[in-house]
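Q: what's the 3D shape of this:
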Amino acid sequence: MKHLKDFGALTLGSRLKKISDQMFDDVDQVYQSQGITLSSRCVAILLLLNENGDAGITQLAEWLEQAHSSVSQMSNKLLKAGYVESKTDPADERRRLLSLTPSGHGFIKQTSSIWEDIEASVEEMLTVTTDDFLESLLLIEAEQKNCSLAARIMNKQQQRHSAVEIIPFEPQYRDDFKRLNVEWLEKYFYVEAIDNEVLSNPEENILTQGGQIFLAKYNDEVVGTAALMQLEGGRFELSKMSVTEKYQGLKIGRRLAEYAIDYYKSTDGKILFLESNSKLKPAITLYESLGFKHKAKTDSSHYERADVYMEYEE
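A: Got it, this is the predicted structure:
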């Protein structure tokens, strides 16, 4: 029985499309494992807008060397996802331009480590190629069958994940603790007076009160934080959760939260709770997956931004 490869150059287009479709599917699988629902086919538009600035559909189609209709469909998906916005061209009111939104910029930062692993994995697969193009296609197809692009990327992600170390607070990390939390607060809200007080004096406001501070280190860099604040009546608050955007694809937030939960279980604490904001949907989804349940809060919060109250239930 004959296969596409047996027809040589005659079926080159079909074979290239097969390889391309498989690569897109593999990257989509990696994205989905990270909670990203955007199709990888749309990402090139985000990269171009980030590097070149605002652009219209026609200009994007020229850069991508794809049909206007195809680029228009991908752009509509990005508009719906909130990663880009459409606005009037200052030089021509009849023309519309696509521009990255804050969510679009955040997506690029969040997925940068994934893209590094995608690029490295593809380059790894290409090491088998030869000067004979058709023979190289056979070798690449064999590489895809032996170990998919998705498996290669996830393996590199796992290696990164394994390199993350959770450590206790030390005075030398005081500035890192404040820096990471201020970075997060300024991105989504603003630094309230209580935030500034706690972040500026973590030993006095957290540690001496019976609480704990945990830090995540990756490649000798402090990239994430979490704190357990001990309150009256055996109550503990999971607070000050922050991971710098560049490394959010490594599930560091989950690692920190799980570490904090395990520590809480080792205490005589009666309640572990957290406060959040309803617009932080990925964070709330994470908390729900860890066992936190939504509860009605009777007393007022000490954070103006908090409109969500959750308690941990085993």
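Q: gap between stretch 89-100 and the chain center?
A: Relative to its chain's centre, stretch 89-100 lies at 30 Å (CA atoms, centre = their mean, to the nearest Å).
Q: Tell me how far H68 lies from E141.
A: 32 Å (CB to CB, to the nearest Å). No exception for glycine: its C-beta is placed from N, CA and C like everyone else's.
Q: got any ranges where the stretch 51-200 of the chain has weak pLDDT?
A: By pLDDT under 70, the low-scoring segments of the stretch 51-200 of the chain are 188.
Q: So which residues of it form strands?
A: For the stretch 51-200 of the chain, the strands defined by DSSP state E, counting those that start in this stretch occupy 84-89, 92-100, 165-168.
Q: Which one's more surrounded, H68 and E141?
A: E141 (17 against 12; other CB atoms under 10 Å).
Q: Verify the stated contact: that one with S14.
A: No - applying CB atoms under 8 Å as the test, E141 and S14 come out as separate, 11.9 Å apart.
Q: Remind me what the one helix or strand I284 maps to packs against, helices and strands.
A: Per DSSP states H and E, I284 falls inside helix 281-290. Contacts defined by 3 or more CB pairs under 8 Å, 6 or more residues apart in numbering; DSSP states H and E place helix 281-290 against helix 252-265, strand 271-276, strand 308-312.
Q: Go through the first one and flag the buried ones.
A: Counting neighbours by 16 or more other CB atoms under 10 Å, one finds that the buried residues in helix 252-265 are 252-253, 255-257, 259-261, 263-264.
Q: report the angle between the axes of that helix and helix 281-290?
A: Orientation of helix 252-265 against helix 281-290 (axes from the mean of the first three to the mean of the last three CA atoms, to 10 degrees) gives an angle of 40 degrees.
Q: just the shortest one next, same as before
A: For the pair strand 308-312 and helix 281-290, the angle between their directions (the same axes, to 10 degrees) equals 20 degrees.
Q: I'd like the average pLDDT over strand 308-312.
A: Average pLDDT, strand 308-312: 83.
Q: now could you export just the CA positions of it as CSV?
A: Extracted C-alpha coordinates of strand 308-312, given in CSV (Å, rounded to 0.1, in the frame of the first residue of the first chain):
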residue,chain,number,x,y,z
VAL,A,308,-14.5,37.3,46.8
TYR,A,309,-14.1,35.3,50.1
MET,A,310,-13.1,31.6,50.0
GLU,A,311,-12.4,28.9,52.7
TYR,A,312,-10.3,25.8,52.3
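Q: Mind checking what secondary structure the nearest residue to V243 once chain neighbours are set aside has?
A: Nearest residue to V243, sequence neighbours excluded (CB to CB, 6 or more residues apart in numbering): G224, at 3.9 Å. Using DSSP: H, G, I helix; E, B strand; the rest coil, the structure places G224 in strand.
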